[in-house]
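> Got a sequence here, can you model it:
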Amino acid sequence: MPEFLTACPRNCYSTCAMKVTVEDSHLMALEPAPANEATAEGLCLKGLAYAERAHSPDRILHPLRRQPDGSFARITWDAALDEITGQLRRTRNEFGPQAILHYAASGTKGLLNQCSLDFWRHFGGCTTTYGDLCWPAGLEATRLTLGANIHNAPPDLVNARLIIFWGKNAAETNIHQMRFVTAAQDRGAQLVVIDPRRTQTSERAELLIQPRPGTDGYLAVAVAQLLIRKGQVAEEFIGDHVEGYPEFAAMVNEVPLIELARTCDVPVHAIEQLAALLGTIKPATICAGFGMQRYTNSGQTMRALIALCAITGNLGRPGAGWAYANLQSHVFAEVRDPLASLPPAKPDGVVRVGVSTARLGRDMLALQDPPLKFAWVERGNPLAQNPDTHLVREAFAALDFRVVVEQFLTDTARAADIILPAKNMFEQTDVFGAYWHHYLQLKPQVLPPAGEVKPETEIFRALARRLDLLDAELDAAIPGPDDEAVRAWLDRQLAPLNLSLEDLAAGPVIAPGAQEVVFADGVYPTPSGRIELRSEEAAARWGLDPLPRPTLPVECAARADADPATPLQLLTPNTKNRIHSQFGNLALIRTHDPQPEVQIHPDDARARGIRFGDRVRIHNGRGGITVLARIDAGIRQGCVAVTNGWWGSDGGLVNKLSAGRETDLAHGAAFHDNLVEVTRA
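Down below sits the predicted model:
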């Protein structure tokens, strides 16, 4: 049976290399591929579920049209494309092309994703979103402070003597990183976990600190205060490389330690223990998670955390650093800057960048001149994954026409007028990078498209032909009609890097210019050329304090104006069983994670008369969901947690409870500014 080397293109730290065995157009086996040193030990449960996902009887294999009763019926490609073409022409003629929303998320990675906007530009324009649901506040905080979103290669973590997982549950969300943690601990390293929940990661730690959610900036400032007071800062490194240290040192001493401890609700002795570790053990790496930067104050929080690396000299050396996003493999012009989706200073030609992803529903409804009338959705499930589900659904319902390109009947697909079947990862060749390791990887076509599935490139080419848009320029921009043409197009993208598909076919390739240890030369691409604890750009661009002075989130139980009717902070963390709303519909995954549950502390449960396994309602002024109660002393009192990614049909649609708010930096989604109450159903 033929074997192929490929890689997973999901929105995940690992983007694992793997070997797949194929027989009679079916996946027969999936195995690890050691060629990617970062992911050499094997696949996660989701990766093992690819065989079921590729051949699932629930997969959409033909175009579907909504019927008057809300059901879907199979139609031909000609009928689907003819109707879509007619709706596109009508919308453009009556309202202008910017009445069309092109919504694309991060369901799968690859260079071919750029082809979508090439089509819409040729069509005459569209409206797109800006910002991101995932990580922008942390990206911008890192860029403002260090100048670039890069960190040491994953295996370098073995050299750390102190590892701090701050708001990161790597054992579930970055499982391959734990191999390097184990190796470091075998060599004497200590692990600290800072998280409101006791997790699989914290089970490996020597110290677990559970701060009040959204107050990590206060904890970081408290640690900095102790480090400075005890003289446990790297004075020579600060003198050579740090801008704004005197002002930062003055700022961290503005509030007494006891007050900072009270705000983050962490015992002073625990803060002292953390400061002692960071002040005396080198090298140290702080690995920050994404969930912590999903608050309205989170950009400043992340800047305060990075400052701890700077003042202790834990940058630019093996085993040391700030590990948040490693974009060294983002070497293609089209994907180099994850913040490129922010509103440009000038309009991008005919593309209106007019809808905040974090405020999707509200902005869609408010948009005028022209208002939105048509939506095209690909690689995303906004009716489940974007904040403020009610407004998102209202905004989509208000449109005249909706097209969704999907593999399964997700919440968003069920709201479509026409569903077009999407390819899976095995059905088209593509190339992509990562955001944890520094490899470029090839994902070759190893299966023919199932049923009547067409890759997105072919969908756009077919529409372009019907709309008389397929000129020489667009023909070159969107490869087709077959895999040979796609491979030739990819080779052209690789050529400026002196790489080819043949190079990548032999195995993952370290991106040109990537470094094992970043900032080792002491060069930081900031305006000052130094690490900027004081950032004038933060003030000028975002209207923030130039220093990372902490504040409370807009919706937080610690605020004096918090609503007493909703005293519990809702966390919606990721889980090892899904990539957001992907994979959860598969039988293999449901065996391990069959239904949504809320994790609640015993004292909070007791006060509400809730017992283990009770059906409970989580609610606030925005909505409510009903799930099972899982009483767990591992979660901090005053917090409850439901993993995100459940579909509406599962009953765990957490974004019914979230507000459409942006983070203080870079237009991220402040999912976790979210207070609720839990009562027996």
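> Tell me where the stretch 301-450 of the chain is predicted with low confidence.
For the stretch 301-450 of the chain, applying pLDDT under 70 flags the ranges 333-349.
> could you pull out the strands for it?
With strands called from DSSP state E, counting those that start in this stretch, the stretch 301-450 of the chain shows them at 321-323, 351-356, 374-378, 401-406, 418-421, 430-432, 439-443.
> Let's have those strands in a markdown table, adding mean neighbour count and distance to Ala184.
All C-beta atoms are positioned from the backbone trio N, CA, C, and that covers glycine. Shown next, in a markdown table, are those (neighbours: other CB atoms under 10 Å; distance: least, CB to CB, whole Å):
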| stretch | mean neighbour count | distance to Ala184 |
| --- | --- | --- |
| strand 321-323 | 28 | 13 |
| strand 351-356 | 20 | 40 |
| strand 374-378 | 23 | 40 |
| strand 401-406 | 23 | 41 |
| strand 418-421 | 25 | 45 |
| strand 430-432 | 24 | 28 |
| strand 439-443 | 26 | 21 |
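> Phi first, then psi, for the closest residue to Asp471 other than its chain neighbours.
Counting by CB to CB, 6 or more residues apart in numbering, the nearest residue to Asp471 once its immediate chain neighbours are dropped is His122, at 7.7 Å. With angles defined as degrees, to the nearest 10, His122 sits at phi -70, psi -30.
> Tell me how far the residue nearest the centre of the chain lies from Thr173.
Centroid check for the chain by CA atoms, centre = their mean gives Cys134 as the closest residue, at 3.3 Å. According to CB to CB, to the nearest Å, Cys134 and Thr173 sit 12 Å apart.
> sorry, back to before: which ones are touching the residue nearest to Asp471?
Ala464, Leu469, Asp471, Glu473, Leu474 (CB atoms under 8 Å, 6 or more residues apart in numbering).
> low-scoring pLDDT stretches of this structure, where are they?
Judged by pLDDT under 70, the chain has its weakly predicted residues at 333-349.
> Let me know how buried Ile163 is, in neighbour terms.
27 (other CB atoms under 10 Å).
> Leaving out the residues flanking it, which one is nearest to it?
Leu191 is the one closest to Ile163 (CB to CB, 6+ apart), at 5.0 Å.
> ok, that neighbour touching Ala205?
Yes: applying CB atoms under 8 Å, one finds Leu191 in contact with Ala205, separated by 4.5 Å.
> Excluding chain neighbours, what is closest to Leu675?
Thr566 is the one closest to Leu675 (CB to CB, 6+ apart), at 3.9 Å.
> How about Ser528?
According to CB to CB, 6+ apart, the nearest residue to Ser528 is Glu243 (4.6 Å).
> who's in contact with the one you found?
Contact analysis of Glu243 by CB under 8 Å, 6+ apart lists Thr526, Ser528, Arg530, Ile531, Glu532, Leu533, Arg534.
> ok, now how distant is it from Ala307?
11 Å.
> can you check Leu43 too?
Where Ala307 is concerned, Leu43 sits at a distance of 37 Å (CB to CB).
> isn't Pro155 right up against Glu37?
Yes: assessed by CB under 8 Å, Pro155 is found in contact with Glu37 at 6.0 Å.
> residues contacting the residue nearest to Ile163?
Counting by CB under 8 Å, 6+ apart, Leu191 makes contact with Ile163, Ile164, Phe165, Val181, Gln185, Arg204, Ala205, Glu206, Leu207.
> Excluding residues flanking it in the chain, which one is nearest the last one?
Here the nearest residue to Leu207 in space, its sequence neighbours aside, is Val192; by CB to CB, 6+ apart that works out to 4.6 Å.
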